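K.L.:
sharing a model that was predicted from the sequence below.
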Amino acid sequence: MSAAATALGARLDELLAARTGANARFFEREAERTALLCHRIAERFARGGRLIALGLSPQARSDVRHVAVEFVHPVIVGKRALPAIGLSREGGSLERQVELVGQPGDIAIAFDAGAAGALERAAARGCLTIGYEPLGAEWEFAPPSDDPFVRQELAETHYHVLWELCHVFFEHRGLLEGRESRAAHDTGASSFLYPFLAERETDLAGVVEDVRRSVLMKADDVARLREQTLTENREALIAAAETLRRCGTILALGNGGSATDAMDAVADFREAPQGWPSRAAIDLTEDAAILTALANDIGTAAIFQRQVIAYGRQGDALLALSTSGNSENVLAALAEARRRGLRTVAMVGYDGGRVAAEELADHVIVTRSEHIPRIQEAQASAYHALRELIELVE
């Protein structure tokens with residue numbers, strides 16, 4: 001390994017150590033509060049409330065979209081769909097949007113200082129408020145790091161955990177105060193045999209403790225997965241950084257939560273919060289008119305391939321994010337990119353899927369997990385580390 005590659009590898013070690021330490025401090029400090037908040041969120045949803053995500057910066061906008069898609073389209077079998085709305089700069093004034101959309105039983109979650117006024121309006125309308133910056137929210141969770149990438153990664157894990165674990169309380173409906181829909185039956189004299197049928201549960205403290213432990217387990221899981229991703233794929237990340245440093249325009253894509261990761265990666269290329277030089281990048285998930293036209297007229301398999309044909313030039317690069325490594329539209333885009341002389345980087349989960357098995361990308365970074373939220377969180381660390389390495393490549 002060259003001296004330059006050794007230096008980049010050492011920097012990866014430093015980035016991993018910073019994330020491991022911040023992750024441990026944050027969740028050890030906030031596990032119990034997070035469990036209690038899951039209960040409060042479940043109560044709001046059970047009464048018909050919605051989650052409203054708020055953010056203005058390019059990076060916060062990706063979190064807004066990520067929250068909305070995770071709650072509305074749960075990727076874990078058995079989880080119920082929950083109403084979530086993302087409000088960002090496309091709709092104009094966030095304050096005005098909240099006035100039009102927010103209801104007293106809703107939940108508002110804000111990601112950057114630009115959402116402070118909107119969060120204040122949401123609180124005034126009776127919304128439960130959550131913030132990842134000091135915004136005056138009822139529930140604030142400030143990640144213990146000065147690195148904007150680390151802060152965003154911890155926030156992502158946290159809102160994933162809120163989404164995953166608020167569902168626990170739906171399984172204990174008797175603990176949800178103020179729920180409008182009650183059991184339609186009366187267990188009568190047999191209630192002592194089937195206490196949950198009457199929804200007379202009283203052990204809130206016990207359920208909260210179970211959820212608290214689950215929060216810490218999930219934090220440990222993502223810490224291990226980040227380590228695997230940033231160490232096992234070290235050479236691939238360094239090689240990908242060298243490729244992207246010298247390419248023309250970077251095209252990025254993904255589906256669902258991975259689409260929001262592509263959005264975030266493009267935001268970091270165009271306008272990194274660290275002030276690094278801007279780099280040309282196009283988000284192939286951004287234009288709803290293009291995506292729906294292609295999906296409706298041709299099929300979902302073509303939604304990225306056709307855009308690679310339209311925008312890709314020899315010397316450009318494609319960054320593909322996929323939790324499975326098997327999505328048909330991702331495979332089609334990678335194949336089209338190679339035909340057109342683009343360099344390709346893929347971040348995939350599970351065992352790498354077809355992308356890894358068939359070597360469909362020049363550089364493949366595999367996050368070895370089958371749990372989609374944890375894959376996405378580790379992939380965020382990977383593309384954030386990649387963005388920094390690009391600036392360090394000579």
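P.N.:
Now that the structure is in, tell me what you want to look at.

K.L.:
the stretch 1-150 of the chain: helices as residue ranges?
P.N.:
3-46, 58-72, 94-101, 116-124, 148-170 (DSSP state H, counting those that start in this stretch).

K.L.:
mind putting the ones you listed in TSV, mean neighbour count and mean pLDDT included?
P.N.:
C-beta coordinates here come from the backbone N, C-alpha and C atoms, glycine included. Output for those, formatted as TSV (neighbours: other C-beta atoms under 10 Å; pLDDT from 0 to 100):
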stretch	mean neighbour count	mean pLDDT
helix 3-46	18	96
helix 58-72	24	97
helix 94-101	17	97
helix 116-124	21	97
helix 148-170	22	96
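
K.L.:
those helices: which one's closest to I298?
P.N.:
Among the helices of the stretch 1-150 of the chain, the nearest to I298 by C-beta to C-beta is helix 58-72 (22.9 Å).

K.L.:
rewinding a little: export the helices of the stretch 1-150 of the chain as JSON lines, with columns for distance to D221.
P.N.:
Formatted as JSON lines, these follow (distance: least, C-beta to C-beta, whole Å):
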{"stretch": "helix 3-46", "distance to D221": "10"}
{"stretch": "helix 58-72", "distance to D221": "17"}
{"stretch": "helix 94-101", "distance to D221": "34"}
{"stretch": "helix 116-124", "distance to D221": "30"}
{"stretch": "helix 148-170", "distance to D221": "10"}
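
K.L.:
run through the neighbouring helices and strands of the helix or strand where T344 lies.
P.N.:
T344 belongs to strand 343-348 when assigned by DSSP states H and E. Contacts defined by 3 or more C-beta pairs under 8 Å, 6 or more residues apart in numbering; DSSP states H and E place strand 343-348 against helix 234-245, strand 317-322, helix 328-339, helix 353-357, strand 363-366, helix 372-392.

K.L.:
ok, which of those comes nearest V168?
P.N.:
That would be helix 372-392 among the helices and strands packed on strand 343-348, by C-beta to C-beta, at 14.9 Å.

K.L.:
where does the stretch 101-250 of the chain dip in pLDDT?
P.N.:
For the stretch 101-250 of the chain, the stretches flagged by pLDDT under 70 are 177-202.

K.L.:
and the strand holding T344, which strands flank it?
P.N.:
Each strand paired with strand 343-348, and its direction, by DSSP bridges: strand 317-322 (parallel), strand 363-366 (parallel).

K.L.:
just those: most buried one?
P.N.:
Highest mean neighbour count of those: strand 317-322, a mean of 28 (counted as mean count of other C-beta atoms under 10 Å).

K.L.:
can you list contacts of that one?
P.N.:
243-244, 247-255, 258, 261-262, 265, 308, 312, 330, 333-334, 337, 342-349, 353, 355, 361, 379, 383 (C-beta atoms under 8 Å, 6 or more residues apart in numbering).
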